[in-house]
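**Student:** this one's sequence-less:
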């Protein structure tokens with residue numbers, strides 16, 4: 001592709017992705033060319049009405065939405081005004097042709113045919129690595145894609161994309177069901193981009209169940225037809241799609257007694273419980289307080305804690321007491337009648353699900369030298385180090401979480417933030433903690449189709465759910481076809 005043309009496309013992608021206007025120097029550094037060249041390029045794009053702004057401090061922004069900018073617009077803006085070269089767009093790259101500025105009817109029709117489907121949006125997908133031009137005979141999938149972060153939230157777009165080809169250590173999974181979580185809305189709002197800096201556009205969805213379609217050469221634990229579930233790898237999510245290529249290490253076999261919809265509710269909460277207790281380094285006979293343990297996390301964390309030999313305490317509303325006691329809670333505190341701070345003391349560990357407003361009280365009931373793991377507080381230096389983040393982020397998170405580290409230091413306690421990661425082995429172990437007499441408890445509040453993904457996200461955003469919100473991607477009666 002002509003250097004000037006490709007640089008223009010790269011420039012527009014950078015401007016569209018940037019949350020703040022970029023100036024010529026910043027664009028030149030990202031594109032890998034000199035600022036003088038970019039200044040000339042942005043001048044042409046500005047004159048064409050594609051971008052606006054200043055070269056200096058103010059920076060540039062798009063005048064039109066990316067999907068409203070065609071290749072022809074870009075080509076006219078940056079190439080010579082008296083001719084348009086069709087080198088890359090022509091079906092035969094060796095047969096270049098030149099069209100005058102006033103495109104003659106026949107050649108004009110040919111040009112329009114060739115650029116059909118090659119608008120800036122598709123170039124944007126291709127740049128991000130999730131879009132490839134379809135070849136004849138290629139299979140496609142439907143996927144729900146996030147195109148940009150938005151602090152107020154934004155709808156996902158439904159796209160037809162090629163079915164991925166699994167790497168040697170990956171498995172192609174036919175997604176049967178996916179769960180919608182608050183985490184998905186947090187990602188859309190850009191609230192986790194410091195922890196996981198996703199590139200846009202992004203196929204969304206974090207937990208799922210499905211069937212193995214094809215296994216990579218180095219896969220040993222699974223074969224075609226196996227029922228699997230998991231948390232999508234942090235660096236490569238994408239459960240809101242008909243198919244996904246997933247690392248073998250992220251997957252586990254679905255317990256026989258769970259349907260696909262039920263299985264999709266399990267991975268995030270199960271792994272959260274397993275990883276929290278791992279960080280705490282719990283020992284049989286110790287005690288743990290699970291704040292607000294009557295929800296979906298408590299339904300998983302309480303029996304897991306009990307199976308590890310822990311004394312489990314939790315709080316919530318009275319109507320849930322019998323249910324959580326059956327799960328393994330030894331002590332239940334009705335929050336309407338009494339405050340857990342007045343009831344508990346010297347607890348070995350605390351699993352926080354409430355965040356900032358509850359942390360001072362949780363530290364108060366925690367024993368000297370005890371450990372607290374939070375799902376809702378801020379990341380801290382310990383989290384950044386455990387996650388092997390670069391030095392800059394370690395310093396940043398150390399500053400962000402110092403308020404909680406200071407609370408913990410008062411009684412030689414520890415504070416850890418948890419952002420759950422994929423782990424198929426932990427899921428396999430978790431399933432072994434339940435049996436026919438003590439089945440794994442799941443709860444489904446509502447089921448949507450993949451086309452209704454934005455309705456499902458809106459429901460989760462409103463809150464008040466009595467179980468997981470599920471997206472049914474494929475009919476389980478056709479699990480193998």
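**Tutor:** In hand now; what should we look at? Predicted model, so just to flag it, every value in this text is computed and none were measured.
**Student:** rest of the way, CA atoms for contacts and neighbours
**Tutor:** Fine.
**Student:** okay, how far is it across stretch 161-173, tip to tip?
**Tutor:** Stretch 161-173 has its terminal residues 15 Å apart, counting by Cα to Cα, to the nearest Å.
**Student:** Just give me the neighbour total for residue 408.
**Tutor:** Neighbourhood size, residue 408 [other Cα atoms under 10 Å]: 24.
**Student:** Now tell me what touches the host helix or strand of it from outside.
**Tutor:** Per DSSP states H and E, residue 408 falls inside helix 402-409. Here helix 402-409 makes contact (Cα atoms under 8 Å, 6 or more residues apart in numbering) with 360, 363, 380, 414, 415.
**Student:** hmm, try it at 6 Å
**Tutor:** Around helix 402-409, the neighbours that count as contacts under Cα atoms under 6 Å, 6 or more residues apart in numbering are residue 414.
**Student:** Can you list the buried residues in it?
**Tutor:** For helix 402-409, the buried set under the neighbour-count rule, 16 or more other Cα atoms under 10 Å, comprises 402, 404, 405, 407, 408.
**Student:** How much space separates the fourth one from residue 390?
**Tutor:** Between residue 407 and residue 390 the computed distance is 25 Å (Cα to Cα).
**Student:** Same question for the second one.
**Tutor:** Distance check for residue 404 against residue 390: by Cα to Cα, it reads 21 Å.
**Student:** and if you look at the last one?
**Tutor:** Going from residue 408 to residue 390 by Cα to Cα gives 24 Å.
**Student:** again with the first one
**Tutor:** Going from residue 402 to residue 390 by Cα to Cα gives 18 Å.
**Student:** elements contacting the lengthiest strand in the chain?
**Tutor:** The residue-count maximum for a strand in the chain (DSSP state E) belongs to strand 170-180. Judged by 3 or more Cα pairs under 6 Å, 6 or more residues apart in numbering; DSSP states H and E, strand 170-180 is in contact with strand 207-215, strand 243-247, strand 468-472.
**Student:** 10 Å - rerun?
**Tutor:** Counting contacts by 3 or more Cα pairs under 10 Å, 6 or more residues apart in numbering; DSSP states H and E, strand 170-180 is packed against strand 207-215, strand 227-231, strand 243-247, strand 251-253, helix 260-263, strand 444-449, helix 453-462, strand 468-472.
**Student:** closest one to residue 23 among these?
**Tutor:** In terms of Cα to Cα, the element of these nearest to residue 23 is helix 453-462, at 34.6 Å.
**Student:** What residues of that closest one count as buried?
**Tutor:** Residues 453, 454, 456, 457, 460, 461 are the ones in helix 453-462 that count as buried (16+ other Cα under 10 Å).
**Student:** Check stretch 268-279 too.
**Tutor:** Buried positions in stretch 268-279, judged by neighbour count with 16+ other Cα under 10 Å: 268, 269, 270, 271, 272, 273, 274, 275, 276, 277.
**Student:** can I get those residues in JSON lines with distance to residue 335, pLDDT and secondary structure?
**Tutor:** Converted to JSON lines, those look like this (distance: Cα to Cα, whole Å; pLDDT from 0 to 100; DSSP: H, G, I helix; E, B strand; the rest coil):
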{"residue": "268", "distance to residue 335": "26", "pLDDT": "95", "secondary structure": "helix"}
{"residue": "269", "distance to residue 335": "23", "pLDDT": "92", "secondary structure": "helix"}
{"residue": "270", "distance to residue 335": "25", "pLDDT": "93", "secondary structure": "helix"}
{"residue": "271", "distance to residue 335": "27", "pLDDT": "96", "secondary structure": "helix"}
{"residue": "272", "distance to residue 335": "24", "pLDDT": "95", "secondary structure": "helix"}
{"residue": "273", "distance to residue 335": "23", "pLDDT": "94", "secondary structure": "helix"}
{"residue": "274", "distance to residue 335": "26", "pLDDT": "95", "secondary structure": "helix"}
{"residue": "275", "distance to residue 335": "27", "pLDDT": "96", "secondary structure": "helix"}
{"residue": "276", "distance to residue 335": "24", "pLDDT": "97", "secondary structure": "helix"}
{"residue": "277", "distance to residue 335": "24", "pLDDT": "97", "secondary structure": "helix"}
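**Student:** closest to residue 140 among those residues?
**Tutor:** Residue 140 has its nearest neighbour among the buried residues of stretch 268-279 in residue 268, at 27.9 Å by Cα to Cα.
**Student:** just checking, the closest one touches residue 205?
**Tutor:** No - Residue 268 is beyond contact range of residue 205, at 11.5 Å (criterion: Cα atoms under 10 Å).
**Student:** hey, what's in contact with both of these two?
**Tutor:** Contact criterion Cα atoms under 10 Å, 6 or more residues apart in numbering; residues shared by residue 268 and residue 205: 179, 181, 183, 231, 232.
**Student:** which of the residues you listed are buried?
**Tutor:** For the shared contacts of residue 268 and residue 205, buried by 16+ other Cα under 10 Å: 179, 181, 183, 231, 232.
**Student:** Am I right that the first one is in contact with residue 442?
**Tutor:** No - the pair residue 179 and residue 442 does not pass the contact test of Cα under 10 Å, sitting 12.0 Å apart.
**Student:** Pipe the helices and strands packed on strand 170-180 into TSV and attach distance to residue 162 and mean pLDDT per row.
**Tutor:** Shown next, in TSV, are the helices and strands packed on strand 170-180 (distance: least, Cα to Cα, whole Å; pLDDT from 0 to 100):
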stretch	distance to residue 162	mean pLDDT
strand 207-215	15	97
strand 227-231	22	98
strand 243-247	10	97
strand 251-253	22	97
helix 260-263	24	96
strand 444-449	20	93
helix 453-462	20	95
strand 468-472	20	95
